[in-house]
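return atomic coordinates for the entry below.
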Amino acid sequence: MVHRRWLVTGGLGFIGSAFVRLALRERSDVAVTVLDAMTYAGNPANCAEVAHDSRYSFVKGDIADAARIDEAIGEGVDAIVNFAAETHVDRSILDPEAFIRTDVMGTHVLLEAARRHGVDRYLQVSTDEVYGDVDHGASTEADPIRPRSPYAASKAGGDLQVLAYHTTFGTPALVTRGSNTYGPYQYPEKLIPLFVTNLLDGEEVPVYGDGLQVRDWLHVDDHARGIAHVLEHGTLGEVYNLGGGNSRTNLEITKELIRLTGRSYDDSVRYVVDRPGHDRRYALDISKARALGWFPRVEFAQGLSETVGWYRERADWWRPLKSGEFRDYYRRQYALR
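Numbers count the residues shown, from 1 in each chain. Below you'll find the model as predicted:
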């Protein structure tokens with residue numbers, strides 16, 4: 001069988017690895033090359049279950065390295081799916097330059113590679129955070145982008161390049177913008193995996209401000225399915241929102257995680273000074289993706305419970321991560337708050 005070949009950048013990360021596992025599990029006609037710089041969040045264990053598949057290959061490299069991208073593309077790929085990014089708002093406040101290099105310059109390098117090699121499709125994986133704070137209603141793809149953090153601004157910069165390359169050069173490109181994503185294999189710096197692992201270890205959880213910031217939650221498997229669906233069925237030059245329809249305050253999430261881990265609220269929560277420029281609310285209108293044939297399948301209560309169960313069972317995966325670099329970051333981020 002002749003396989004379509006997809007280059008998946010950032011494929012050892014949280015959402016990228018879910019996409020890789022999905023592609024190799026559900027599409028017998030697809031082969032995947034993963035390119036990943038293997039920074040702190042790029043974990044080979046995330047793709048361990050498919051690493052021995054003959055359709056899987058791996059190249060260690062940075063998306064800002066044009067020669068390495070050419071090597072990964074080799075004799076050609078049908079599609080590039082770009083998950084590679086610096087992704088955490090808190091880290092972008094500590095080191096904005098790293099986000100510009102990867103999310104803006106790295107995207108530029110990939111787009112140039114797509115032009116050189118005549119790639120059939122290029123998909124940029126982005127975020128609802130580019131729309132900025134949403135007081136009411138839900139963001140549509142036609143809304144202006146108003147990023148308010150260095151992370152959101154770097155992702156917006158990548159999005160705009162992708163859309164400009166489609167208009168100017170005819171690059172066959174698409175963009176997806178996902179809401180807050182949760183599930184197995186998420187590096188324990190984001191709210192849900194950080195709080196779950198802290199609670200399982202008997203530690204406090206740091207709640208920013210009053211904890212009433214609102215986020216919409218999307219299971220990682222639904223997010224991966226959405227990206228695959230847009231890649232294969234989306235209209236070139238278009239943006240598609242992928243949201244879960246599960247809006248919750250951070251405090252609601254915190255209380256539910258405390259319940260699921262069997263801890264008590266009074267012994268578990270430490271309110272800390274809010275982060276600078278913290279967006280109060282995000283919300284996505286996913287009508288366009290629904291019209292294309294995608295919708296989220298995982299019911300939130302079940303997905304959250306299963307996620308807690310996964311972290312409970314897989315301490316062998318996350319406990320080694322919460323040392324070294326992570327401990328240094330955690331101290332810098334929360335010790336003085």
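
part of a helix, is residue 116?
Yes: membership of residue 116 in a helix is supported by DSSP: H, G, I helix; E, B strand; the rest coil.

how about it, nearest residue that isn't a chain neighbour?
Once flanking residues are discounted, residue 116 sits nearest to residue 70: 7.6 Å by CB to CB, 6 or more residues apart in numbering. No exception for glycine: its C-beta is placed from N, CA and C like everyone else's.

check residue 260 too.
The nearest residue in space to residue 260 (CB to CB, 6+ apart) is residue 308, at 4.5 Å.

and that neighbour, that one's in a helix?
Yes: counting by three-state DSSP, residue 308 falls inside a helix.

residues touching it, list them.
196, 257, 260, 261 (CB atoms under 8 Å, 6 or more residues apart in numbering).

where along this structure do the strands fall?
Using DSSP state E, the strands assigned to the chain run over residues 4-9, 30-36, 56-60, 79-82, 121-127, 173-178, 180-182, 205-208, 214-219, 239-242, 247-249, 269-272.

for the fifth one, C-alpha coordinates in PDB please.
This points to strand 121-127. Only the C-alpha atoms of strand 121-127 are listed here, as PDB (Å, rounded to 0.1, in the frame of the first residue of the first chain):
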ATOM      1  CA  ARG A 121      -1.900  20.900   2.800                       C
ATOM      2  CA  TYR A 122      -0.500  22.800   5.700                       C
ATOM      3  CA  LEU A 123      -2.500  23.100   9.000                       C
ATOM      4  CA  GLN A 124      -1.500  25.400  11.800                       C
ATOM      5  CA  VAL A 125      -2.800  24.400  15.200                       C
ATOM      6  CA  SER A 126      -3.600  27.600  17.200                       C
ATOM      7  CA  THR A 127      -5.600  28.700  20.200                       C
END
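
give me the residues contacting it.
Looking at what lies outside strand 121-127 - CB under 8 Å, 6+ apart - the contacts are 15-16, 78-83, 85, 87, 107, 110-111, 114, 152, 155, 158-159, 162, 171-178, 227, 230-231, 234, 236.

got the strands of the chain as JSON lines, with mean neighbour count columns?
Output for the strands of the chain, formatted as JSON lines (neighbours: other CB atoms under 10 Å):
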{"stretch": "strand 4-9", "mean neighbour count": "24"}
{"stretch": "strand 30-36", "mean neighbour count": "24"}
{"stretch": "strand 56-60", "mean neighbour count": "17"}
{"stretch": "strand 79-82", "mean neighbour count": "26"}
{"stretch": "strand 121-127", "mean neighbour count": "25"}
{"stretch": "strand 173-178", "mean neighbour count": "26"}
{"stretch": "strand 180-182", "mean neighbour count": "23"}
{"stretch": "strand 205-208", "mean neighbour count": "20"}
{"stretch": "strand 214-219", "mean neighbour count": "23"}
{"stretch": "strand 239-242", "mean neighbour count": "26"}
{"stretch": "strand 247-249", "mean neighbour count": "17"}
{"stretch": "strand 269-272", "mean neighbour count": "16"}
